[in-house]
Each structure stands twice: as structure tokens, then as C-alpha cells.
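**Q** need a 3D model of the following:
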Amino acid sequence: MSADAAKFLNAFAQSLATMALYTDKHPARERAIDHSFEQLKRLQETNPTPQFSFLGLDVIYGQVALRELKDWDWGLRLANAGVQRLEFPPTVTRDEYEGFLDDVLGRISLVAAESSTRSPERRSTIKFGAIGVRGSDQKLEDLLPTATIAYSLSEEADTIRWLHDEVEMTGELPLLEAESVVRSLSVAMHGDRDIVIPLLQLKEFDQYTTTHSLNVSVLAMALAEFIGLGGKDVRAFGVAGLLHDLGKVRIPKEVLTKPGKLTDDEWKIMRRHPVDGARIIYESDRQLDLASAVAYEHHIMIDGGGYPSRHFRRQPHKASKLVHICDVYDALRTHRPYRPAMEPEAVLAQLERGSGPDFDAELTTAFLQMMRQWERRLAVVDDKTPLPSMAGPAQNAVDQAVAAAKKAIADGVAARASMPVQVVAAVEAPAPLATKGLEDSAADPKPAQ
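**A** Below you'll find the model as predicted:
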């Protein structure tokens, strides 16, 4: 079935490319549309409502990654044009399908199809959108301003909740979904080509682990990028940040969400989560040894304190030191039942005081510089609110391009433009890291969660 899905997407891309070259009703254009529509109907014989997701370098059909389309460049072009989710109903007609292709081509080129090529009254049941799925019956002209960034984190949050549930029930980590969330976060961070740091706001305490995981991933990628690491390392640090607290899925809910102080026995349970997380990750995929190491080390202090305790002291991995800073920053700036949230500047001051004994001094300095230099790029939102489009030189250039495209629409000019997208390469795992003999003991008294 995935082979039919890949054949359809290739025919779909070929029809878009052909439509960009030929005018309406040209025989070559009609043949390309007919062929791709036939491939869609063939796919619908086994799956009446096919759904696709285009997340960074991943093309996902339903819940299955199409490995044969890894690095498919059309996936990136569609995602950059706001078509990240796509769903075809069983009743789609050839006329609807052609109108949908016109809309998609317009979004990719930032120029709407000429009015003579489609009926303004034609409505489509095909659903597509940037995050979530929305109807395609909106006028393309109304969608053009959102070509810069109109992005919420609702699906990412839902995916992490589902991922945690899967790990809790099966003990296995759905790696593809974890990596796809990180790629999607990277798209959100670079949606207007000037970095945005989107931090989710906690609404209910039982959502803390989900919200915190996404925030630490974003902060880890931002700091890794700020200190000049390459794209593959940035993405690997993002995955490590996303999974750093994975071991908490094995903590009883009444302990994890307890509003008051934990007892000594409860602290023993809580302090197991670094070891549990490291084991879950490493046993799920041995190539994720960096993420496994970060899960194990993210509560270890520079002076050797923290937990879990080790038989032999050694410096944590650089990624662990970096995630530790991001972890503490997000934890302190978030309201918890047993203490109020601290003001961001107070959190930064506390990190500065801990530089050396608790946190790596060089990385702490870099984090403080980043948060103060990129303060205006910080966007604290809930998981339903679209991230703001941040003004800046790059954004001004985008706005000018959108204005030019809208003028071309008004003039009836069939112009073609391209919008480059920043895409970080796929995660490349570091050299294997031995994780045998992970200790369960944690003697340090009640450190921060």
C-alpha cells in the first residue's frame, strides 16, 4: 500500500511541475492531471481517505514513513507553502482535484491561478493546511500573508502525549515521531527565517511533562545554534532535549503530579527517572546513545552532585550540560503547584549564580547572552495559539515578496517566485556510548526535579 502512496505523490508532483509550464487545457497539462488523479483513485481502492504529512525531511502516509521518499524535495516545498497536512475524501472528483492543484501551485509560487482557469464558486472537500487540516475553499489571496508563519504547536503537543502513552504501554519509543516533532519544531523556529523561540505555556499541571519536553527541545536547539553547532548536531541536541525526561512515564501519576513536597520514598521513585529514561531510549534504538546519555546525565552537576550517583565521576557530555541548563530554566519559569513561577530575569540570575558548581560556565554564559540578545524572539503561547510573525530584516524581505505577489495577482501577471526554506539535516547519531552498569542509586538529598 505504501508503494501506491509513493506512486501517487510522484504523479502529484509531476502534475504540479507540468501545470507550471503549460497553460490551462493544454494537452500535456491535462494528461499529467489525469494520470495523477488515476493514481489517487488507485490508492483509494485500498485506503478511501488517504492522509499525508510533510514534516521537514519526512513524508508520512497515515502513520507510516515513506522511506522511498526520504529527502523528497517536494515535501519541503509543500511544507514551506503551508501544506503540511493533506487528506483526500473518498468522494473527491477530478474537477475538485484540478482546483486543488491550482491552489497548491499558487501557494508554492505565491501567485494565485488566473481567474479564467478556475471557478470562484468551486468548493473542495480536500483538506490541507499548515498544522491540523483545514478546508481548501479559502481564497488563496487570503492565505498569502500566512506564507511567512502561522504556526501553532498543537499537533506537536498531541504527538508527545501520544508518544509518552506508547512508551508507558509498550516500553518502546516511536523514534520516527520523535524525530518528526523535532523537525517540525525547527520549522516553527525558522518560519520567518529569523529564529523564533516558541515556549508553550502550562495550562494544567498534568500536562507539565509534555509542555516541558517541547520547551527544552526548543531551547536546546536554539542554544546549540547560538554557539555555532552544525545542523546535524543541533537536531541531535533537539531530540535529546525532547526525550530527556522520558523516564517519568514510569513514575506513578500520584507521585509525578503531587501538589506538595515529596516524601523520602517518593523522592527515591522520582530520582529513578534518569536511569529509566536512558534504558528506554537505548533499548529502543542503540543509535540514540546521545539522547540516552542526556537522559541519564541531565540532573548531574558540574561539581559531581546531583543524581543518579556514579561509582566513577566523569564530566557529563556537552549535550547533557546544555540540556541541563535548558531544563532548569524552563522548570523555574513554569508555575508548579508547590511554588509560583519565577520571573525570567530572576531565573537567569539564578543560573548565573550556579555557573561553575552546578552548570557549565561557558554554556551558561552563552545561554544568558542568547536569552538577552534574542529576548524579542521569545514567543510564550499555548498549544492552540499561532506563533507570531517576528519583524526583522528577513521578515521585511518576505513581506515585500508577498506584496509583490499580490500586486501580480491584481495585474493578472502569471509570475513565478520561490521562497527558500531553512531545513536542518537529519539527525546523525554520535559514536556509540556504553550504557551498561547504569546505577539506580541516588543518594543526593532532594535536588530540583
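**Q** count of neighbours near Met270?
**A** 20 (other Cβ atoms under 10 Å). For the C-beta atoms, the positions are set from N, CA and C on the backbone; glycine is no exception.
**Q** distance of it relative to Lys41?
**A** In this structure, Met270 and Lys41 are 55 Å apart, going by Cβ to Cβ, to the nearest Å.
**Q** same check on Leu256?
**A** Taken as Cβ to Cβ, the span from Leu256 to Lys41 is 49 Å.
**Q** neighbour count winner among the two?
**A** Neighbour tally, Leu256 and Lys41, criterion other Cβ under 10 Å: the higher count belongs to Leu256, 20 against 15.
**Q** and the closest residue to the more buried one other than its chain neighbours, how far from Asp34?
**A** In this structure, Leu256 finds its nearest non-sequential neighbour in Lys248, 6.0 Å apart by Cβ to Cβ, 6 or more residues apart in numbering. Going from Lys248 to Asp34 by Cβ to Cβ gives 53 Å.
**Q** which strands and helices sit next to whatever helix or strand Ala319 lives in?
**A** Assignment of secondary structure by DSSP states H and E places Ala319 within helix 318-332. Under the contact criterion of 3 or more Cβ pairs under 8 Å, 6 or more residues apart in numbering; DSSP states H and E, helix 318-332 touches helix 208-226, helix 231-243, helix 289-297, helix 344-354, helix 361-373.
**Q** switch to 6 Å and redo it
**A** helix 208-226, helix 231-243, helix 289-297, helix 361-373 (3 or more Cβ pairs under 6 Å, 6 or more residues apart in numbering; DSSP states H and E).
**Q** got these as TSV, with mean neighbour count columns?
**A** What follows is the helices and strands packed on helix 318-332, written out as TSV (neighbours: other Cβ atoms under 10 Å):
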stretch	mean neighbour count
helix 208-226	25
helix 231-243	26
helix 289-297	27
helix 361-373	17
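**Q** the ones you listed into TSV, with extra columns for distance to Ala79 and mean pLDDT?
**A** Output for the helices and strands packed on helix 318-332, formatted as TSV (distance: least, Cβ to Cβ, whole Å; pLDDT from 0 to 100):
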stretch	distance to Ala79	mean pLDDT
helix 208-226	18	91
helix 231-243	16	92
helix 289-297	24	94
helix 361-373	26	94
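**Q** export those helices as a markdown table, with columns for distance to Val328.
**A** Output for the helices and strands packed on helix 318-332, formatted as a markdown table (distance: least, Cβ to Cβ, whole Å):
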| stretch | distance to Val328 |
| --- | --- |
| helix 208-226 | 10 |
| helix 231-243 | 12 |
| helix 289-297 | 14 |
| helix 361-373 | 10 |
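**Q** of all those helices, which lies closest to Glu155?
**A** Between Glu155 and the helices and strands packed on helix 318-332, the shortest gap by Cβ to Cβ is with helix 208-226, which sits at 11.3 Å.
**Q** who touches the closest one?
**A** Defining contact as Cβ atoms under 6 Å, 6 or more residues apart in numbering, one finds that helix 208-226 is touched by 157, 160-161, 185, 197, 199-200, 202, 234, 237-238, 241-242, 245, 248, 322-323, 326-327, 330, 367, 370.
**Q** quick one, what contacts Arg29?
**A** The contact partners of Arg29, by Cβ under 6 Å, 6+ apart, come to Thr18, Met19, Tyr22.
**Q** need phi/psi at the closest residue in space to the last one that isn't next to it in sequence.
**A** For Tyr22, the nearest residue in space outside its immediate sequence neighbours is Arg29; the separation is 4.2 Å by Cβ to Cβ, 6+ apart. The main-chain torsion angles of Arg29 are listed as degrees, to the nearest 10 and equal phi -60, psi -50.
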